[in-house]
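[1] A structural model of the following input is requested.
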Amino acid sequence: MQTNIKKIGLLGIAIVIGIALNSFTIIKTKTPVKKAENTVILTDWDEYNKVHDYVRTNISDVLRASGKVNMGNNKMSSMSRCPSGYNESFAQKTDSVKADRVLYGKINYYKGCSANYICDFKVCVNTGMAEVKTKDMKEFVSVKEWLDQKEKPTTATVVKG
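    As a prediction, this is how the structure comes out:
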C-alpha cells in the first residue's frame, strides 16, 4: 500500500512539474518566411536595412565620391564620441520603411557633433528611384543632375611674394 501511495505521489509531482514547465514559451526569433515559391517575406528590420543600404549606395556614396559637396576636410583630425560623415535619416518610423514605398528623408554631414544639412531625398527601392533636392529647389531631381548643378569646390592658391 505504501508503495502505491509513493508511486501516485511521484506521478502527481511529475504531472505538476510537467504542467509548470509547459507553461513557459520559447521565444522564437523572426526569420524570413516563405510565402509562396521564390517569394520571401522580410522582417521590418530586414526591410529597413535593405532601404537604408539602397540610400547609402545610391545617394550618400555618390555624394562622397563626387567631391562636389564640399564640407571641409573629410579627414578626421581629432577623436570624438560623435559620428562623422554622411548620415541618412528617414521621415517615417522604422517599421514603415518598406522597399515598395516611396520614402522621404534627409542627409546631413556630421563633423563631430555638429550636423550640416546636405539635401532631402526621395527613394523607392522597387522602382529604382533615388532623387534629391535642397531647400531652395521646388522639385526632386536625379542625384547626377543635382551634382551637375553644384559647383566644384574651389582651391585657394597662395602666392608668396
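[2] For residue 131, give me the pLDDT.
    Reading off the confidence values, residue 131 has pLDDT 95.
[3] would you say it is within a strand?
    Yes. If the criterion is DSSP: H, G, I helix; E, B strand; the rest coil, then residue 131 is within a strand.
[4] Make residue 1 into 3 and carry on from there
    Got it, first residue is 3 now, which makes that one residue 133.
[5] Surely it and residue 142 touch.
    Yes. Between residue 133 and residue 142 there is a contact under Cβ atoms under 8 Å: 3.7 Å. The C-beta positions use only the backbone N, C-alpha and C, and glycine is treated the same way.
[6] Give the residues shared as contacts by those two.
    Common neighbours of residue 133 and residue 142 (criterion: Cβ atoms under 8 Å, 6 or more residues apart in numbering): 123-124.
[7] Secondary structure element holding residue 51?
    helix 46-57 (DSSP states H and E).
[8] Check which helices and strands that helix sits against.
    Helix 46-57 is packed against strand 87-92, strand 116-126, with contacts defined by 3 or more Cβ pairs under 8 Å, 6 or more residues apart in numbering; DSSP states H and E.
[9] Can you tell me which of the ones you listed is nearest to residue 16?
    strand 87-92 (53.9 Å; Cβ to Cβ).
[10] For the chain, give me the ranges with low pLDDT.
    Residues of the chain meeting the criterion pLDDT under 70: 25-42, 72-82, 153-163.
[11] Strands along that one, start to end?
    35-38, 41-43, 87-92, 105-113, 116-126, 131-135, 143-144 (DSSP state E).
[12] Need phi/psi at residue 127.
    With angles defined as degrees, to the nearest 10, residue 127 sits at phi -60, psi -50.
[13] I'd like the distance from the residue nearest to it when sequence neighbours are not counted to residue 93, if you could.
    Take residue 127 and drop its neighbours on the chain: the residue closest to it by Cβ to Cβ, 6 or more residues apart in numbering is residue 101, 3.9 Å away. Counting by Cβ to Cβ, to the nearest Å, the gap from residue 101 to residue 93 is 16 Å.
[14] separation between the closest residue to residue 53 other than its chain neighbours and residue 135?
    What sits nearest to residue 53 in space, not counting adjacent residues and going by Cβ to Cβ, 6+ apart, is residue 99, at 5.1 Å. In this view, residue 99 and residue 135 are 20 Å apart by Cβ to Cβ.
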